[in-house]
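Undergrad: Any chance you can model this:
(one chain, ligands or ions: 1)
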Amino acid sequence: MSDDIVMQLSSSSSPSDPSLPTKLAKLEARMAGKSSSSLTIQSAWQPAPPPPIKFVEQEELPDSSSSDDDNGGEFLIQHNTQKRHRLQEDDHDMDLEQSKETTNGRIKTLENFEIRRNLDDPNKKKQGRGRGRPSTGRGRGSKTSDQMRSVSTSSINSSNGQLENPPNKENWSNVPLGNDERVALQEEISVLHGKIATLEEELNRSRQEASDYRHLSHQLEKELKELRDRDQQSKTKRIKVLSDLLISVSKAERQEARMKIRQESLRLGNIGVVRAGTIISEGWEDGQALKDLNAHLRSLLEMKESIERHRKSLKKRQSDKGDGNDMETGISDEDFHVQDEIFKSRLASIKREEETYLKEKDRYELEKGRLIREMKRIRDEDGSRFNNFPILNQRYALLNLLGKGGFSEVYKAFDLVENRYVACKLHSLNGQWSEEKKQSYIRHAIREYNIHKTLVHPHIVRLWDIFEIDHNTFCTVLEYCSGKDLDAVLKATPMLPEREARIIIVQIFHGLIYLNKRPQRIIHYDLKPGNVLFDEVGVAKVTDFGLSKIVEDDVGSQGMELTSQGAGTYWYLPPECFELSKTPLISSKVDVWSAGVILYQMLFGRRPFGHDQTQERILREDTIINARKVEFPSKPSVSIEAKELIRRCLTYNQTERPDVLTIAQDPYLSYSKR
Ligand SMILES: Nc1ncnc2c1ncn2[C@@H]1O[C@H](COP(=O)(O)OP(=O)(O)OP(=O)(O)O)[C@@H](O)[C@H]1O
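TA: Residues are numbered from 1 along each chain as shown. Below you'll find the predicted structure:
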């Protein structure tokens, strides 16, 4: 019932007014007519008490005695609307909401049904008043009306309070409504309320759990952060401890190396000041062992010369005797022969001794060479600006200098991130170079890096990293090869047993085959013993791709143009690289030639062409251009197969020389075929 009507009623009528029932009945009739023309509303107010309504929660019902309005269907609707609002406020959980909606929907259906039933029930007290009219939402009945408006399944239109499918009186009275059914419906409602209560409980539990989990997650996050901080701290500590340890080991190694040098210097010699007239220069001064050895050799030589002199004089006396001059000395022919035999035997013995000393001298010379290289290394290390154990790029702990090349220093280093030894090659640009030259060098190095970094093969030294140190210096990080390079091996042992030489050349060819089987083929172009390194177990690896060339796809069968003519090490380059009349065309056959030279050198202790010549002389005398045929020394004895492979590699004519993939089929390079 709308408030204005109630106001009208209360102001114009007192409860004792006997005409009130009639007035109300009229009003209700009017309202019913307003809300639905087809709805038949009970025309007279029935004083009889309303039937008990059992399917609502009694404790939530307002006291009927205090109510001056009906507490029939309208009140029930209000009650449930309030409840729904409470539930909506309490719970934003979707599932629960849906359950509630369903439940409320069903309750509303029931309520509407009850309302209709009340409307139809002629015995109901005041039941028809304002039922069909929408409430403005004010007063006690407003909530009920709201709920009625929101009930989609009900037949009342929510916007204007009119019934969408207005039932006629017959329809209403036709709804069978036994007591059993009511009881069943009430039971269903209480079951649904029970479900709501359970769901609410569950929701509360879930909320509690969610809050517990949130708390736990905060705690875990905190712990994780602490662990991370601790990990970072321990990492920093670990790095510090590790680098300190590495540094102390390196320092000890440096000390030991210097001590050894001092000892060796005493034995083998040292670089000292040499005076030649008025010119003072740095020169080599032999050590005591070499001095003693040379003195010994000198004395043997003197002895030999003296015996030779005696022998000569004996021969002279013998020939004089033949003239009859030696009669008075009484030396017989027999004596002459014996004496001569003594001299001969002595000379042979001196020669043997001399050979032993000469062998020893050769050994000393090798040791001397090693000593000189080590002295140079130490001098380079002492003069290096990186000798104070810096950590580069926050991960590479530089240790000791391995060697110095043309424009680079190579340090043994420890990668503190990957926990492995590496070789750091520090490329220093000469400060006096023009900017153009510097840029060209950097371009060259980046080109080398770009080629090398893609190469992953057991017989190719890995390139791990590149970074800038300062404007004039950058560093490439290479796989560390703890063994010597082949050049150092051949300096220490110029001739290798064939078996050892063969396995080394096989590994070099494996690397070359890999370079020629990639989609982008590569010519190494600077294959030489210095660019073959050995790891700790003796695996040979090709390095230094500074002069290497990428073979473009459109290159003709004769090869690609050589744009860097003049570069490289001439002992190991084929004749086509020295072609001056036109730009040489090169292919992987360059590497085949170089490999042939290396195998020859390993087997015979010398290079096949221009062994004793300088680079400059090789160029001047066209040594390689004239290297038409390879000759083999008689010693040491080497297998025919090895010689045949060398011959094929050193085929003068480039067109006739096999390329890498062809020569790879040679039986000497395969162990399984033999
Ligand atoms: N990856 C590596 N592992 C171990 N030692 C290495 C490595 N790379 C180079 N070295 C050593 O460092 C030294 C210097 O190497 P580098 O390549 O700079 O010298 P080079 O070949 O004599 O000079 P250049 O490159 O100018 O011809 C050599 O003794 C070489 O054996």
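
Undergrad: How many neighbouring residues does residue 622 have?
TA: 12 (other CB atoms under 10 Å). Every residue, glycine included, has its C-beta placed from N, CA and C.

Undergrad: With residue 595 instead?
TA: Using other CB under 10 Å, residue 595 has 25 other residues around it.

Undergrad: Might you report the residue contacts of it?
TA: Contact analysis of residue 595 by CB atoms under 8 Å, 6 or more residues apart in numbering lists 505, 508, 509, 512, 527, 649.

Undergrad: I'd like to know which of the residues you listed is nearest to the ligand.
TA: Among the contacts of residue 595, residue 527 lies closest to the ligand (CB to the nearest ligand atom), at 12.0 Å.

Undergrad: So that closest one sits against residue 598, correct?
TA: Yes - with contacts counted by CB atoms under 8 Å, residue 527 reaches residue 598, the gap being 6.9 Å.

Undergrad: Regarding the protein, what is its longest helix?
TA: Counting by DSSP state H, the longest helix found in the chain is helix 179-268.

Undergrad: now for that one, which elements pack on it?
TA: Counting contacts by 3 or more CB pairs under 8 Å, 6 or more residues apart in numbering; DSSP states H and E, helix 179-268 is packed against helix 94-120, helix 288-322, helix 333-383, strand 396-404, strand 408-415.

Undergrad: Serialize these to TSV and add fields for distance to the ligand.
TA: Conversion of the helices and strands packed on helix 179-268 to TSV gives the following (distance: least, CB to the nearest ligand atom, whole Å):
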stretch	distance to the ligand
helix 94-120	65
helix 288-322	25
helix 333-383	8
strand 396-404	3
strand 408-415	3
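
Undergrad: Where among the ones you listed is average confidence lowest?
TA: The stretch with the lowest mean pLDDT among the helices and strands packed on helix 179-268 is helix 94-120, at a mean of 51.

Undergrad: Residue 286 is in contact with residue 295, isn't it?
TA: No - look at residue 286 against residue 295 with CB under 8 Å: they stay out of range, at 10.3 Å.

Undergrad: of those two, who's got more company?
TA: For residue 286 versus residue 295, the count of surrounding residues by other CB under 10 Å is larger for residue 286: 16 against 10.

Undergrad: Pairing partners for that one in the sheet, please.
TA: Per DSSP bridges, the residues bridged to residue 286 are residue 269.

Undergrad: residues contacting it?
TA: 268, 269, 294.

Undergrad: returning to that earlier point: out of the helices and strands packed on helix 179-268, which comes closest to residue 440?
TA: Counting by CB to CB, residue 440 lies closest to strand 408-415 out of the helices and strands packed on helix 179-268; the figure is 15.8 Å.

Undergrad: Show me which residues of that closest one are buried.
TA: Going by neighbour count (16 or more other CB atoms under 10 Å), the buried part of strand 408-415 is 408, 409, 410, 411, 412, 413, 414, 415.

Undergrad: and after it, which helix or strand comes next?
TA: Remark: after strand 408-415, the chain's next helix or strand is strand 420-428, criterion DSSP states H and E.

Undergrad: Tell me what angle that next one forms with strand 396-404.
TA: 60 degrees (axes from the mean of the first three to the mean of the last three CA atoms, to 10 degrees).

Undergrad: And for strand 420-428, what's in contact with it?
TA: 386, 392, 396, 398, 402, 407-415, 441, 445, 464, 469, 472-482.

Undergrad: Compute the number of surrounding residues for the closest residue to the ligand within the stretch 101-250 of the chain.
TA: At 14.9 Å from the ligand, residue 250 is the closest residue in the stretch 101-250 of the chain, using CB to the nearest ligand atom. Neighbour count for residue 250, taken as other CB under 10 Å: 17.

Undergrad: Use 47 as the first number for this chain going forward.
TA: Okay, residue one is now 47; in that scheme the one you just asked about reads as residue 296.

Undergrad: Tell me the spacing between the nearest residue to it once chain neighbours are set aside and residue 522.
TA: In space, and not counting its chain neighbours, residue 296 is closest to residue 445: 4.2 Å by CB to CB, 6 or more residues apart in numbering. According to CB to CB, to the nearest Å, residue 445 stands 17 Å off from residue 522.

Undergrad: And for residue 641?
TA: From residue 641 over to residue 522 the distance is 25 Å, taken as CB to CB.

Undergrad: How about residue 230?
TA: Going from residue 230 to residue 522 by CB to CB gives 88 Å.

Undergrad: Comparing these two, which residue is more hemmed in?
TA: residue 522 (22 against 11).

Undergrad: That one against residue 514, yeah?
TA: No - with contact defined as CB under 8 Å, residue 522 does not count as touching residue 514 (11.0 Å).

Undergrad: Contact residues of the stretch 447-596 of the chain facing the ligand?
TA: Neighbours of the ligand within the stretch 447-596 of the chain, by CB under 6 Å from any ligand atom: 448-449, 451-452, 454, 456, 469, 507, 524-527, 531, 576, 579, 589-590.

Undergrad: Try it again at 5 Å.
TA: Neighbours of the ligand within the stretch 447-596 of the chain, by CB under 5 Å from any ligand atom: 448, 449, 451, 452, 454, 456, 469, 524, 526, 527, 531, 576.
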